[in-house]
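Colleague: My questions are about this predicted structure, shown below with the sequence.
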Protein chains: 2
Amino acid sequence: MNKVIVLYKRPVGKAELGDFKTNIEEMPTADDGEVLLKTIYVSVDPYLRGRMNDAESYIPPFELNKPLQSGIIAEVVDSNNTLFKIGDFVLGNLEWKEYQVSDGKGLRIIPNDPAYLTAYLGVLGMTGLTAYLGLTQIGLPKPGETLVVSGAAGAVGSIVGQVGKLLGCRVVGITGSDEKVQLLKSKFHFDEAINYKNTVDLTRSINAACPNGVDIYFDNVGGKISDDVLNNINKHARIPLCGAISLYNDATPVLGPYIQPVLVKKSALIQGFIVSDFAAQFPEATRQLTEWLMAGKLTYHETIYKGFDHIPQAFMGLFEGSNEGKMVVKI
Amino acid sequence: MNKVIVLYKRPVGKAELGDFKTNIEEMPTADDGEVLLKTIYVSVDPYLRGRMNDAESYIPPFELNKPLQSGIIAEVVDSNNTLFKIGDFVLGNLEWKEYQVSDGKGLRIIPNDPAYLTAYLGVLGMTGLTAYLGLTQIGLPKPGETLVVSGAAGAVGSIVGQVGKLLGCRVVGITGSDEKVQLLKSKFHFDEAINYKNTVDLTRSINAACPNGVDIYFDNVGGKISDDVLNNINKHARIPLCGAISLYNDATPVLGPYIQPVLVKKSALIQGFIVSDFAAQFPEATRQLTEWLMAGKLTYHETIYKGFDHIPQAFMGLFEGSNEGKMVVKI
């Protein structure tokens, strides 16, 4: 028998365990042209929360009582498709199932190197591309500039900071615990890191950590933290807007001060993006990230939950800051 | 004797007459290298409100009990400077004085053509450059796209709309009276115009006026009106952020829904600017605007107050929507 996790109810505010349901189905079999896949690693990402709403966005919403989907690494355990052989490892946007069949469309065979397998969900996958391309294409970093990253210890943030350092920026991270502050400084080489939960006046803390002001703000969180960064931006600041995790769970819009006046005053640019906006740059970005990774100039951290049944908890943990680096579930 | 208007108190919220004071001074005389200028036209502009606060911005604040300044057209009535002769008309950032001396720095001699004299404060001056360069450099309009302009009947907005039409866009204006709606459609050739004061649900009105969504939003106002436009933007929308007049008078920040989620969802770009960000493009922009103006493809409207003493009222009128097109005071 085969376990499948479906969206049972649309979350109101924060997702809860009861919004998910595990169904037991017959084990599928691969027909002509199909492969049978065994799920090995499941990526959970904040953007999935948006797909759980019944609202138009850049991708269609998940349907109720249908399996959820995300980036998954799977092993080919049966194949009636000449492009794949048993034992291949593949990456794809797949369903939250222990086993599933696929016609092979959208699957990418990846090297079966256990040391880097999960990297294809992270630094060498959408996460790394999002960090690298958002920073370079919108942030336009120049050596000596100051880069502030929110959600700095997350999957994207921890790569943004390292890429910023590699490109010559002074890098300051904002994160949510003292342990993560240490991680950012010791493992990811951030120049400074701030625990926003432990700071009375975040605007002043950012000011102190950025004596030359903020030239680039890579924003993963939105909301009040971003207001405090905006209070410190320099003229002609660039703000790649990757996510707004602090606002995703709210059923009604959260209010804050309008940001238009500071944008006018500073001739600043905010640009929202998703990684596919820069699809044309994927090959070059992947080449650069791989080179840095192999040269030991780029590192990554993972938080690995274990067991198929824990996928919902791992997802919910993203909004509690339970992860350091990329959050994945090992089946 | 010579009248001078100084900033007497820093406005709290809306500026009031009591924030300004008229002083009587001795008539100045031109020393070696100087010219004596007689003020003919005074430009009043929303950005001046920001300079009345004691706050850092892109230009220093006005000082208390010192004359206010703005764009002024003056006549040279005495000259000890070989670059200027009596009878020349000049444009400069000058003080609110009936007469003043200048060493000539920053003054530009303009043609003494009564039909176009005030155009140098408007369509052929900073106003026109702001409209043209903000739209073309940030908005990147393409034929067939939909452009929405707020503050559409104002000095900048009325030019933005016309330039948008000349570049092949469908143009929709948002303004504050039925008279201005008529003006936008009949004189400035907007495809549609909406009186936001007369609309129950502005988001829906914009939706109805923009069946293909909003590709470019030229924002002069910020605040709630902009929220309603953001509800209608297309993927990859561009938002040149020229001003936020709806928020300039508030002593404490106005709250509204955070805009980060919609920017992420739509991969949209907001960029604040002041016209000097694009100084390199001034010659080309001036050439284009002059060509269109002379060819009758571009028109402008002015609201002219009369008399030196009415400069403060004209300025305050900007925030009441008392102007159609450029607001100037004829001395």
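Modeller: Received the coordinates, thanks.
Colleague: So which residues of chain A form helices?
Modeller: A:48-51, A:126-133, A:155-166, A:178-186, A:202-209, A:223-230, A:260-266, A:282-294, A:311-318 (DSSP state H).
Colleague: Please name whichever of the ones you listed is nearest to A:T252.
Modeller: Each of the helices of chain A was scored for nearness to A:T252 using C-beta to C-beta, and the closest is helix A:223-230 (13.9 Å). To be clear about C-beta, it is placed using only N, CA and C from the backbone, and glycine gets the same treatment.
Colleague: Now that closest one: average pLDDT?
Modeller: Along helix A:223-230, the predicted confidence averages to a pLDDT of 96.
Colleague: what do you get for stretch A:50-67?
Modeller: According to the model, stretch A:50-67 has a mean pLDDT of 87.
Colleague: Same question for stretch A:123-130.
Modeller: The average pLDDT within stretch A:123-130 is 93.
Colleague: just stretch A:7-25 next, same as before
Modeller: pLDDT averaged over stretch A:7-25 gives 95.
Colleague: Does chain B have contacts with that stretch?
Modeller: No. Stretch A:7-25 lies apart from chain B when judged by C-beta under 8 Å from any C-beta of the partner chain; the minimum separation is 14.5 Å.
Colleague: How far does that stretch sit from its chain's centre?
Modeller: The chain centroid and the centroid of stretch A:7-25 are separated by 21 Å, computed with C-alpha atoms, centre = their mean, to the nearest Å.
Colleague: then that stretch to CSV, C-alphas only?
Modeller: As requested, C-alpha coordinates have been extracted for stretch A:7-25 and formatted as CSV (Å, rounded to 0.1, in the frame of the first residue of the first chain):
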residue,chain,number,x,y,z
LEU,A,7,-4.8,19.1,1.3
TYR,A,8,-7.8,18.3,3.4
LYS,A,9,-8.8,21.9,4.4
ARG,A,10,-7.5,25.3,3.2
PRO,A,11,-5.6,26.8,6.1
VAL,A,12,-7.0,29.9,7.7
GLY,A,13,-3.9,31.8,9.0
LYS,A,14,-1.3,29.3,10.0
ALA,A,15,-1.5,25.8,8.6
GLU,A,16,-2.4,23.2,11.1
LEU,A,17,-2.0,19.4,11.1
GLY,A,18,-5.7,19.0,10.5
ASP,A,19,-5.4,20.8,7.2
PHE,A,20,-3.5,17.8,5.9
LYS,A,21,-4.7,14.2,5.6
THR,A,22,-2.8,11.0,4.8
ASN,A,23,-4.7,8.6,2.5
ILE,A,24,-3.8,5.0,1.8
GLU,A,25,-3.9,4.0,-1.8
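Colleague: tell me the domain boundaries of chain A?
Modeller: With automatic domain parsing as the criterion, the domains of chain A are listed as A:2-121+A:301-330, A:126-277.
Colleague: And whichever strand in chain A runs longest, what's buried?
Modeller: Taking residue count as the measure and DSSP state E as the definition, the longest strand of chain A comes out as strand A:69-79. Under the neighbour-count criterion of 16 or more other C-beta atoms under 10 Å in any protein chain shown, strand A:69-79 has A:Q69, A:S70, A:G71, A:I72, A:I73, A:A74, A:E75, A:V76, A:D78, A:S79 buried.
Colleague: Distance-wise, check the fifth one relative to chain B.
Modeller: Counting by C-beta to the nearest C-beta, to the nearest Å, the gap from A:I73 to chain B is 26 Å.
Colleague: If that residue is in a bridge, with which residues?
Modeller: Following DSSP bridges, A:I73 is listed with bridge partners A:Y41, A:L91.
Colleague: Quick check, A:A55 in contact with A:P61.
Modeller: Yes. At 6.5 Å, A:A55 and A:P61 qualify as touching, with contact defined as C-beta atoms under 8 Å.
Colleague: of those two, who's got more company?
Modeller: Taking neighbours as other C-beta atoms under 10 Å in any protein chain shown, A:A55 and A:P61 compare with A:P61 leading, 15 against 10.
Colleague: mind checking how far the more buried one is from chain B?
Modeller: Distance of A:P61 to chain B, given as C-beta to the nearest C-beta: 12 Å.
Colleague: So which residues on the stretch 201-331 of chain A come close to chain B?
Modeller: Of all the residues in the stretch 201-331 of chain A, those in contact range of chain B (C-beta under 8 Å from any C-beta) are A:219, A:222-223, A:226, A:235-236, A:241-244, A:247-248, A:253-274, A:277.
Colleague: Just the buried subset of these, please.
Modeller: In terms of neighbour count (16+ other C-beta under 10 Å), the buried residues within these are A:219, A:222-223, A:226, A:241-244, A:247-248, A:254, A:256-274, A:277.
Colleague: Let me see the confidence value for A:G104.
Modeller: pLDDT, A:G104: 95.
Colleague: Find the nearest non-adjacent residue to it, please.
Modeller: Take A:G104 and drop its neighbours on the chain: the residue closest to it by C-beta to C-beta, 6 or more residues apart in numbering or on different chains is A:N81, 4.9 Å away.
Colleague: and that neighbour, what are its phi and psi?
Modeller: Per-residue torsions, A:N81: phi -130, psi 130 (degrees, to the nearest 10).
Colleague: ok, it touching A:V101?
Modeller: No. Under the criterion of C-beta under 8 Å, A:N81 is not in contact with A:V101, lying 9.9 Å apart.
Colleague: overlap in contacts of those two?
Modeller: Counting by C-beta atoms under 8 Å, 6 or more residues apart in numbering or on different chains, the residues touching both A:N81 and A:V101 are A:A30, A:E34, A:V35.
Colleague: ok, and the most crowded of those?
Modeller: Greatest neighbour count in the shared contacts of A:N81 and A:V101, by other C-beta under 10 Å, goes to A:V35: 25 neighbours.
Colleague: Run through the bridge partners of that one.
Modeller: Following DSSP bridges, A:V35 is listed with bridge partners A:S79, A:S102.
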